[in-house]
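>>> Please find the sequence and the predicted model below.
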Amino acid sequence: MRVIFIISTFLLSSLYGLDEKQLEVSELPTAHFVPPNCIYSVRKNDQYGPEVKGSVKVGDPLFHKWKCSSTGALYCIMVHSCSISHNIGRKAKRVEIIDEFGCSVFPELVPNMHYFNDTEAGFQANAFLIDIEQMSLFFQCSLKFLVKTDGFCRRPKLQKVLMENEKNFLKKQNFKKQYKVFKFILLPLLHLLLLLKIN
């Protein structure tokens with residue numbers, strides 16, 4: 001039985017406006033903006049499951065959840081730029097799993113982000129390893145605060161972005177990059193399937 005430790009962080013980015021034409025002085029808050037308190041947690045099975053502390057087994061269903069205190073009617077959150085690695089630091093080789101638009105890079109393995117409301121988001125994925133010889137997985141995401149327009153949160157349209165990403169992927173990828181995807185994502189998944197079949 002393989003046990004892994006999930007070490008996770010998230011980065012909170014500054015306020016993000018759409019463009020100057022959409023932001024008028026009358027729409028901005030008159031008081032100083034106090035950043036909300038945001039909490040990231042990993043839960044067992046689904047968003048209501050108990051919080052995971054310490055280790056999990058490969059294949060365990062996990063739910064990654066972000067929840068921020070209310071920002072009023074002006075802002076909403078967007079989770080983006082998520083990556084995984086088996087070590088930490090600047091030289092760590094990271095595999096991007098959610099891109100800068102908040103879309104899953106590998107939707108077959110990691111689903112797109114689900115937004116419950118303006119300040120809560122999450123996704124469900126089974127625990128996996130990047131390298132079968134490593135016992136830990138470092139998971140990192142960023143959060144943006146988006147200024148709502150006419151009361152609506154204007155997150156990127158996932159389908160359009162996914163189609164564009166797929167076109168770019170096919171144009172730019174070469175054998176070396178495809179091999180990295182195989183080594184870091186598909187090979188551990190195959191290893192997991194073999195472990196599940198053996199057990």
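It's in.

>>> hey, where'd the strands end up in the protein?
3-16, 38-44, 55-57, 61-68, 75-85, 95-98, 114-117, 120-126, 136-147 (DSSP state E).

>>> nearest to Cys153, of those strands?
strand 75-85 (3.6 Å; Cβ to Cβ). C-beta here means a position set from N, CA and C on the backbone, and glycine is covered the same way.

>>> which residues of this protein score low on pLDDT?
Scanning the chain for pLDDT under 70 picks out the ranges 1-35, 71-72, 87-90, 92, 128-136, 158-199.

>>> if you set the cut-off to 50 instead, what comes out?
Filtered on pLDDT under 50, the chain yields the residue ranges 1-10, 12-28, 175.

>>> follow-up on the earlier one: is it possible to export the strands of the chain to a markdown table including distance to Pro107?
Formatted as a markdown table, these follow (distance: least, Cβ to Cβ, whole Å):
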| stretch | distance to Pro107 |
| --- | --- |
| strand 3-16 | 21 |
| strand 38-44 | 20 |
| strand 55-57 | 22 |
| strand 61-68 | 15 |
| strand 75-85 | 13 |
| strand 95-98 | 10 |
| strand 114-117 | 13 |
| strand 120-126 | 10 |
| strand 136-147 | 16 |
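
>>> Could you dump the ones you listed into JSON lines and include distance to Phe106 and mean neighbour count?
JSON lines is the format used below for these (distance: least, Cβ to Cβ, whole Å; neighbours: other Cβ atoms under 10 Å):
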{"stretch": "strand 3-16", "distance to Phe106": "18", "mean neighbour count": "13"}
{"stretch": "strand 38-44", "distance to Phe106": "19", "mean neighbour count": "16"}
{"stretch": "strand 55-57", "distance to Phe106": "20", "mean neighbour count": "15"}
{"stretch": "strand 61-68", "distance to Phe106": "15", "mean neighbour count": "20"}
{"stretch": "strand 75-85", "distance to Phe106": "11", "mean neighbour count": "22"}
{"stretch": "strand 95-98", "distance to Phe106": "6", "mean neighbour count": "18"}
{"stretch": "strand 114-117", "distance to Phe106": "16", "mean neighbour count": "14"}
{"stretch": "strand 120-126", "distance to Phe106": "10", "mean neighbour count": "18"}
{"stretch": "strand 136-147", "distance to Phe106": "14", "mean neighbour count": "19"}
